[in-house]
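Undergrad: All I have is the shape, not the residue letters:
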């Protein structure tokens, strides 16, 4: 959900971005066509500042599923939703029609919020998730190694310029509200994000442990074109049509678009994509009336490793 919020805010800003320009160009038209740029998320996620805490539930592990997080959101107590919306109104100074209805009857509206989040996920994140997840996994691995080799103090002094650890105390610069020791309870969650800006975001909602969300290292290379140097070697094993499609899936695409790009028939593309999907080399994600196909991390590894 942190990636949902950060990526939606980036799309809604309307500004170009040096890292995510390619992703924005592909995704923004889909979001507008689905009307998500004027839906629930548009009211819940302002251009800057506070985002309702109930949208970022504490993850149950290092790799929570969207389904699990949406279940927690839908089950949020009504009084918690209203308190978060009141806080949001104090920051924004306005409450739109959708948020007024959500405030009036959270149990009846949270399901609709979750449905829109799921639609957004399928359009904006799911086709790219293998790449995004690889960046996040690498960040978690590097930070875990940092703790193992040098201790948690080294990590906390390195994770973000506004965070420091000294004399057995964690300090957050520029945070308006204090974070006393009794608040964290059992721990502190660090949330790397591929879409976060340079700032640090916090979620402090007892009894959940506090969350610190920061930009993951490696996000700058997220959309770089990856070498397909092994295409000729793979063609001997996979066949030229399937290898050609894998090469074209550097960016997620529909069957129709792939047929237009490659000159293959739509029926032929569909047949080859089914075989690639069965082999775990391609994933499929519904985007409105069409289906977007994306190369998986397994396919990326094959293309990179082949001589």
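TA: Yes, it's here. Everything numeric in this text was worked out from a predicted model, so none of it was measured.
Undergrad: Next, the contact list for the residue lying closest to residue 218 once chain neighbours are set aside, please.
TA: Spatial nearest neighbour of residue 218, chain neighbours left out: residue 135 (4.8 Å); criterion: CB to CB, 6 or more residues apart in numbering. C-betas here are computed from N, CA, C, even on glycine. Residues in contact with residue 135, defined by CB atoms under 8 Å, 6 or more residues apart in numbering, are 194, 216, 218-219, 222.
Undergrad: What is whichever strand or helix holds residue 245 packed up against?
TA: Taking DSSP states H and E as the criterion, residue 245 maps to helix 240-248. The helices and strands touching helix 240-248, judged by 3 or more CB pairs under 8 Å, 6 or more residues apart in numbering; DSSP states H and E, are helix 231-238, helix 255-262, helix 266-278, helix 297-305.
Undergrad: quick one: the longest one to helix 255-262, angle?
TA: Going back to what we said before, that points to helix 266-278. Orientation note: helix 266-278 sits at an angle of 110 degrees relative to helix 255-262 (axes from the mean of the first three to the mean of the last three CA atoms, to 10 degrees).
Undergrad: can you give me phi and psi for residue 293?
TA: Main-chain torsions, residue 293, degrees, to the nearest 10: phi -100, psi 140.
Undergrad: Quick check: bridge partners of it?
TA: residue 253, residue 284 (DSSP bridges).
Undergrad: Please, where are all the strands along the protein?
TA: Taking DSSP state E as the test, the strands found in the chain are 163-166, 169-172, 189-193, 201-203, 211-215, 282-287, 290-295.
Undergrad: What about the contacts of residue 135, which one has the most neighbours?
TA: residue 194 (26 neighbours; other CB atoms under 10 Å).
Undergrad: Among the contacts of residue 135, which pair sits farthest apart?
TA: By the measure CB to CB, 216 and 222 form the most distant pair in the contacts of residue 135, at 9.2 Å.
Undergrad: Identify the contacts common to those two.
TA: Each of 135, 194 lies in contact with both residue 216 and residue 222 under the rule CB under 8 Å, 6+ apart.
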